[in-house]
Each structure stands twice: as structure tokens, then as C-alpha cells.
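Engineer: structure for this input, please:
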Amino acid sequence: MITVIGTGTGGPPPVVGAADLVVGAARHLDAADVPPGARRLVLGPLAPALDMIGSYAAEGRPVVVLASGDPGFFGIVRALGTRFGAAALDVRPSAPSVAVAFARAGLSWDDAVVVSAHGRDLRAAVNVCRAHQKAAVLTGPGAGPAELGAALARTGLERRLVVAAGLGTGGEAVVAVSPREAAGRDWGDTASVVLCLRPGVPASAAVTVAGPAGAPAGWALPEEDFAHRDSMVTKFEVRALALARLGPRTGELVWDIGAGSGSVAVECARFGAAVVAVDKSAEAVARVRANAAAHGVDVEAVVGRAPGVLGRLPDPDAVFVGGGGSDVAAVVAAGARRARRAVVVTLAAVDRVAEVRAALGAAGLAADGVLLQSSRLAPLPGGVTRLAAANPVFVLWAERPTPRTEGAPA
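Structural biologist: As a prediction, this is how the structure comes out:
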């Protein structure tokens, strides 16, 4: 049997009991009463540790693994369960560090988005913090409060960070700072959790399902739900298909280039994605911000002419390009080169289709598309109804091919 004990968040020192092998971080091993004669293994690279745990377990010798907080929450239980099976584990959790951090801040956390940057790329954590009003980030080397603060400071979005360090120890510290202040401090290696909060948000009502809000109850919202100029707004039929191909989701970043009213940007944000909306018009950018505020979402809106302005932005997962001006192929090419997953383009002019498809292909993306033509029901005198045709729009999309994983069928 492999016993997994959570420790280090304020509870009593772990009771190891009988064990021939005790595995954990040095601080956990030092705090535990390790039985005389038991082998101590300081956890470093995971694969050799799993091999040693396996050799002891195969001989029927008791193994104890010490881990922070709840080892089933972004912890070692996943790796142990995958390798040895759930039946081989006796898991004894302590309080998760995220729960303790929110408790120190006096906040509930059933409505928070929790994301791990420990041993992972920081970008998903940054995108979650950009898009959500309450988030917790599990930090790691190179992905701590300073790096997170620096990335958020560049967005211009208003956020407050609560940095929790040394939870459950004599050196515990919980500090509230701005992203810019976080970026300018040396936090050492004791910070384990950063809470990212949007100031001024009232306490949420009771939730039924923990975590981030799910997909909105409705999307492809009517055009009248957005402030716009001279009907310069992506029509809801077009927006529905664009959203389906963009696939916005929590942890990702979407660019909306030529944003206009920002209807696509706002709808992507409602799905939980971080969004940057770009438009050359300051008036349009102000309108994007107003529409985002009206729908209760955060959208970073940037005044600038694409493709030049795009060099200032972090790499996107998905890109939407609307408008279809004379430089659309260059804009699409710049977005497609940096898109990690997908690009969607809407065009009114048939003359632009070939060059946009060529730009997508040159970026290594497989392009597809449709001519979308719809007719809406419209009233006529006498209580009857006619069909009112909308202008046809080309919707082109492309996805970056997913590399085939080793061992997968061809």
C-alpha cells in the first residue's frame, strides 16, 4: 500500500507510521517523524521516484509519500494513480493551499477559477486572470508572483493580487499588491498561491457548480445588444459560425482584429477566453470597451493599425479578422503565423477570398470556408411575413494541424 499524506498548510505534523520508504520534498521530510531505518527520498524528478516507489510496493513494503495540502488537487495522486492504480493508494489530504489562501483573504472560493502554473507554461494562468474576476494561481519556479504581475500589468486591466507565501509555517505572509508592485518584488521561493481579483466586484450569489461559469445560456446575440455605428456589427448568423470555429475557452487568448463594435470579442469573453480587440479607430475602441462593460466581461482594447500593432500583443490561440480591407491578406498572414490553434476571417468581397486562403495556406494552416447567405423573417402589412435577405458573407477558417502523438493510429 502507498499512503499519501497531505501536509504543510497549517495542520499538525504528519504521522508517518510504519514505512520502509518515505518520499517528499525536503521541507516535508524535515517536518515529519520519519521512522528509524526508513529510507528517505527527497522528491526531485518524478520518474525515478515512481520507479523506486514501485519497487518497494512490488515487494509489499509500506511506502509513505508526503505532499503539500491536498495531494489529489493538482498533486501527486494523479501520477501515482496512473502508475499504480487507485486501489493501491491510501490518500489522506490536508487543507488545499488554495482554500487556505482564500480563507486568509476572507473570501469564498467555490466560484473561483483555479489554474496551475507549477511546472507549466504561465500563459494559461495569465489568460485566466485576464478573463475572470476571481482566480487562484498555483505558482512555480519562473511562474511566480513577479512574472504573473508583469504579464498582467501590460494588459492595463484592473486587478489586485493576493500573494500567499509560507502557508501554515512560522513565516507565513499574505500580501495584497497591484500587478505592477508584484512585478517589482523578489518573492523568493516561498510563494505558493496568488489570488487574482478584479476590484469592486460584489460578493457573488450562492453557486451550484463550483469553478468558472459555464458556457453562456445564449450566444450569437442580436445586433441590438451591442452599441454600433451604421450597422457596422458582425451579424448574429455570421457570429454564430465564427464562434463555432474559434472555439473560445477558459485559459486561451483570442484576438479580434478590426473589432468595430467588438461583438465577437465580447462573445468570446463570455465563453471565458481572454480577448484583445484591435481597431485603428479610437472611437471604435471606446465602443468596444463600452460593450464589454455592458456585458460584464473584460476585453483589452487596443488602438492601432494591423498588422503593425500586432507585434505588441502576446501570441493568441485563435484569431478573428473582420472587415476585409485592402490589406486583409497581410493582416491574416500576421495573425495566422502566430495563432496556436485557429483563424477565422469574414469577407464581403469575393475578390479577397483567394488571397486570404493563400495567406492561410502559407502559414501552414488548412483553410476551409462557406458563403453564408441568410434571409430573416420580416413583417408585412396584413399580418403576413416575408423573407428579408441579408448581404452574403464569406466565412473562411483554418486550423493548425494537431501533431499526431506517438503510438496513435495513423
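
Engineer: what is the distance between stretch 138-156 and the centre of its chain?
Structural biologist: Here stretch 138-156 shows a centroid-to-chain-centroid distance of 14 Å under the convention Cα atoms, centre = their mean, to the nearest Å.

Engineer: mean confidence for it?
Structural biologist: The pLDDT scores in stretch 138-156 average 94.

Engineer: buried ones in it, by neighbour count?
Structural biologist: The neighbour-count check on stretch 138-156 (16 or more other Cβ atoms under 10 Å) flags 138-140, 143-155 as buried. The C-beta positions use only the backbone N, C-alpha and C, and glycine is treated the same way.

Engineer: same question, stretch 54-71
Structural biologist: For stretch 54-71, a neighbour-count test (16+ other Cβ under 10 Å) marks 54, 56-57, 62-71 as buried.

Engineer: could you dump these into JSON lines and include distance to residue 228?
Structural biologist: Listed next are these as JSON lines, based on distance: Cβ to Cβ, whole Å:
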{"residue": "54", "distance to residue 228": "62"}
{"residue": "56", "distance to residue 228": "66"}
{"residue": "57", "distance to residue 228": "64"}
{"residue": "62", "distance to residue 228": "68"}
{"residue": "63", "distance to residue 228": "63"}
{"residue": "64", "distance to residue 228": "63"}
{"residue": "65", "distance to residue 228": "57"}
{"residue": "66", "distance to residue 228": "58"}
{"residue": "67", "distance to residue 228": "53"}
{"residue": "68", "distance to residue 228": "50"}
{"residue": "69", "distance to residue 228": "48"}
{"residue": "70", "distance to residue 228": "48"}
{"residue": "71", "distance to residue 228": "51"}
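
Engineer: in terms of secondary structure, what does the helix or strand bottoming out on mean pLDDT in the chain contact?
Structural biologist: Lowest mean confidence among the helices and strands of the chain (mean pLDDT, DSSP states H and E): helix 26-31, at a mean of 87. Secondary-structure packing of helix 26-31 (3 or more Cβ pairs under 8 Å, 6 or more residues apart in numbering; DSSP states H and E): strand 39-42, strand 63-68.

Engineer: same list (the ones you listed) but as JSON lines, adding distance to residue 196.
Structural biologist: Shown next, in JSON lines, are these (distance: least, Cβ to Cβ, whole Å):
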{"stretch": "strand 39-42", "distance to residue 196": "32"}
{"stretch": "strand 63-68", "distance to residue 196": "20"}
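
Engineer: and for the least confident helix or strand of the chain, what's in contact with it?
Structural biologist: Outside of helix 26-31, the residues within contact range by Cβ atoms under 8 Å, 6 or more residues apart in numbering are 7, 8, 13, 14, 22, 40, 42, 66, 67, 68.

Engineer: hmm, try it at 6 Å
Structural biologist: Residues outside helix 26-31 that contact it (Cβ atoms under 6 Å, 6 or more residues apart in numbering): 7, 13, 40, 42, 66.

Engineer: ok, of those residues, which come out buried?
Structural biologist: By 16+ other Cβ under 10 Å, the contacts of helix 26-31 give 7, 66 as buried.

Engineer: for the contacts of helix 26-31, which one is nearest residue 83?
Structural biologist: residue 66 (17.5 Å; Cβ to Cβ).

Engineer: tell me what that closest one is bridged to.
Structural biologist: On the basis of DSSP bridges, residue 66 is bridged to residue 5.

Engineer: shouldn't it be in contact with residue 24?
Structural biologist: Yes. Using Cβ atoms under 6 Å, residue 66 is in contact with residue 24, at 3.1 Å.

Engineer: phi, psi for residue 290 please.
Structural biologist: phi -70, psi -40 (degrees, to the nearest 10).

Engineer: how about it, what does it touch?
Structural biologist: residue 227.

Engineer: circling back to that earlier point, least confident pick among the contacts of helix 26-31?
Structural biologist: Across the set of the contacts of helix 26-31, residue 13 stands lowest in pLDDT, at 76.
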